[in-house]
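Trainee: What would the 3D arrangement of this be:
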Amino acid sequence: MSAECSVPAHKTLRLRAFKRLLEEGGSSLDDYYRYVQGHTSVPYSDRTRDVWEEASHEALCVTLGDPDDDRWFAGKLDERGFDGANGVLIGGPPCQAYSLVGRARNRGIAGYVPEEDKRHFLYREYLKLIQHYRPAVFVMENVKGILTSRVGGERIFHRILEDLVDPDEALGRGSSGPGYRVHSLVDPEVVFRRGDSPACLRGHEFLVRSEDYGIPQTRHRVFLVGVREDIEAAPGVLETRQRVSLSQALAGLPPLRSGLSRDDSQEGWVDAVRDQISQLARDARSHGQSDIASSLERTSREIRDRQSWSRGGLRCPKVASCRLPEHEALEWWWNDDRLESVLNHEARSHMPSDLGRYVYAATFAREYGRSPSGAGDFSLPSLAPNHANWMSGKFADRFRVQLRDEPAKTITSHISKDGHYYIHHDPEQCRSLTVREAARIQTFPDNYFFEGNRTEQYHQVGNAVPPWLARQIALLVKGVLVAHEQEKGRGTALADDQSAEVAV
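Mentor: Below is the predicted model:
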């Protein structure tokens, strides 16, 4: 079961649950594909309506922490016979109070008192579920900033560790069952137990750097895996994998042109971009940047021939599949030969001045192998944005290109607000990343369809744990459950059932 408070995200999870239940039941996926490819307005037919209803009972729209919703959710878990003793709980409390950006924003709020910010303690709603159901394993994920966040002079991460290993004590409910060991996924020797001092731990020992595990982005997140004390098995650690670059992640996706924020048309876009490039090339030559000027002029000639490029859409024609012989497992994970369209692949609209900054930034990155940064690199007169603090250096990363031959920077929910931080590496496309491109970087399979408007889709992608990483963690958790069943002499069936691997 899943609990999600956002209505669009809940619709996405319900649709995904529907697909998985069809697969598990050996049913045809025709209804799913007809819906995601736009041939029908609802995902189910008369013959799959019961599966859709089951998916609706599995993916719940609920706000944990709300007393009424908590009771309703607990009742739903009980109705479905959730077996806490042999079950798994997975979640992560909201990160706004822990993230570096959130903390910087809080410092700018007059009279802000961290001890009075309830968001610091939302993890306790998750803790209540652990204490009540006493699962065999729990997995908790959060941002890197949780390691250094302080409340009342105390590291919140230390308090969370102490609460997780002894939820009875943390919630003041008396001892009613075993506690937990909290394991690191990167160092098998790092285990936090009841009675240990968190001050002896180094927080980075729980930090998973996703680019080390085949995820095409430098996403660094804290993962805590709790194993109930009566279970001897340990989850082990993630195995490092070959790094995946941005261009590899986007392989096979059709190129798109950006749009104009006003009076958009194919011809208008070509004219606007070439006008911007012409001015930039002149400025570059007059400022001694002849290499940039020549590269810009080459891009201008190439853009003239891109009259057939579209802006994409919720569904746009598929031109190729992802082919990655050096990453066969990821190629299998992303591809779906049944798809006739690329889903959620629509370019945003931008002002002509921003198109100029995008094409310059991507050209700079192509020439120098790095993203331009701040007023020093954006030194041409036509590049400076109308921003009072531009020259202060506070906005050095306002325009950032995702480099072609490196893993991308972290995809976050901020991608929904603007694309300046997520500029496509190809100067000819002259745009920010689409939802599908962000989803590829997050390792969502191509047949994963995001509901809601485009902003809501970006939010869902940015807030997610990369599914390819989640699968690797799920297999480690499965190993604990298999070993636990074998300890009790009931493990043969589960151990031999390869279909038990978690479907993300």
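Trainee: first vs last residue of stretch 224-242, how far apart are they?
Mentor: Stretch 224-242 has an end-to-end distance of 24 Å (CA to CA, to the nearest Å).
Trainee: Which residues belonging to that stretch are considered buried?
Mentor: Leu224, Val225, Gly226, Val227, Arg228, Ile231, Ala233, Ala234, Pro235, Val237, Leu238, Arg241 (16 or more other CB atoms under 10 Å). (Glycine included, C-beta is placed from N, CA and C.)
Trainee: chain center to that stretch: distance?
Mentor: Here stretch 224-242 is found 22 Å from its chain centre; the criterion is CA atoms, centre = their mean, to the nearest Å.
Trainee: Repeat that for stretch 200-219.
Mentor: With CA atoms, centre = their mean, you get 14 Å for stretch 200-219.
Trainee: And the strands in the protein?
Mentor: 2-4, 59-61, 88-91, 137-143, 150-151, 154-155, 180-183, 191-192, 207-209, 220-228, 259-260, 312-317, 341-346, 349-350 (DSSP state E).
Trainee: Of the ones you listed, which shows the lowest average pLDDT?
Mentor: Ranked by mean pLDDT, those bottom out at strand 150-151, which scores a mean of 76.
Trainee: helices or strands next to it in the packing?
Mentor: Applying 3 or more CB pairs under 8 Å, 6 or more residues apart in numbering; DSSP states H and E, we find strand 150-151 packed against no helix or strand.
Trainee: As a markdown table, the strands of the chain with distance to Val482 would be great.
Mentor: Below are the strands of the chain laid out as a markdown table (distance: least, CB to CB, whole Å):
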| stretch | distance to Val482 |
| --- | --- |
| strand 2-4 | 23 |
| strand 59-61 | 26 |
| strand 88-91 | 12 |
| strand 137-143 | 12 |
| strand 150-151 | 39 |
| strand 154-155 | 35 |
| strand 180-183 | 16 |
| strand 191-192 | 20 |
| strand 207-209 | 22 |
| strand 220-228 | 13 |
| strand 259-260 | 51 |
| strand 312-317 | 40 |
| strand 341-346 | 35 |
| strand 349-350 | 51 |
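Trainee: Out of the ones you listed, which gets nearest to Glu326?
Mentor: strand 207-209 (20.3 Å; CB to CB).
Trainee: Spit out the contact partners of the nearest residue in space to Ser176 that is not next to it in sequence.
Mentor: Once flanking residues are discounted, Ser176 sits nearest to Asp168: 5.7 Å by CB to CB, 6 or more residues apart in numbering. Applying CB atoms under 8 Å, 6 or more residues apart in numbering to Asp168 gives the contacts Gln131, Gly174, Ser175, Ser176, Gly177, Gly179.
Trainee: Now the phi/psi pair for the second one, please.
Mentor: Torsion angles at Gly174 (phi, psi; degrees, to the nearest 10) stand at phi 80, psi 150.
Trainee: Just give the nearest non-adjacent residue to it, would you?
Mentor: Nearest non-adjacent residue to Gly174, counting by CB to CB, 6+ apart: Asp168, 6.2 Å away.
Trainee: ok, the one you found to Ile231 distance?
Mentor: 17 Å (CB to CB, to the nearest Å).
Trainee: State the mean pLDDT of stretch 408-415.
Mentor: For stretch 408-415, the per-residue pLDDT averages 92.
Trainee: List the buried residues of that stretch.
Mentor: Ala408, Lys409, Thr410, Ile411, Thr412, Ile415.
Trainee: Just confirm Gly92 contacts Met140, I think it does.
Mentor: Yes: between Gly92 and Met140 there is a contact at 6.0 Å, judged by CB atoms under 8 Å.
Trainee: Show me the shaky parts of the stretch 251-400 of the chain.
Mentor: For the stretch 251-400 of the chain, applying pLDDT under 70 flags the ranges 307, 386-397.
Trainee: surely Glu456 meets Pro8?
Mentor: Yes: if you go by CB under 8 Å, Glu456 and Pro8 touch, sitting 4.0 Å apart.
Trainee: Next up, the contacts around Glu211.
Mentor: Gln217, Thr218, Arg219, Arg243, Val244, Pro407.
Trainee: And the residue nearest to it when sequence neighbours are not counted, how close does it get to Val42?
Mentor: Closest residue in space to Glu211, ignoring its immediate chain neighbours: Pro407 at 4.4 Å, by CB to CB, 6+ apart. Distance, Pro407 to Val42, using CB to CB: 38 Å.
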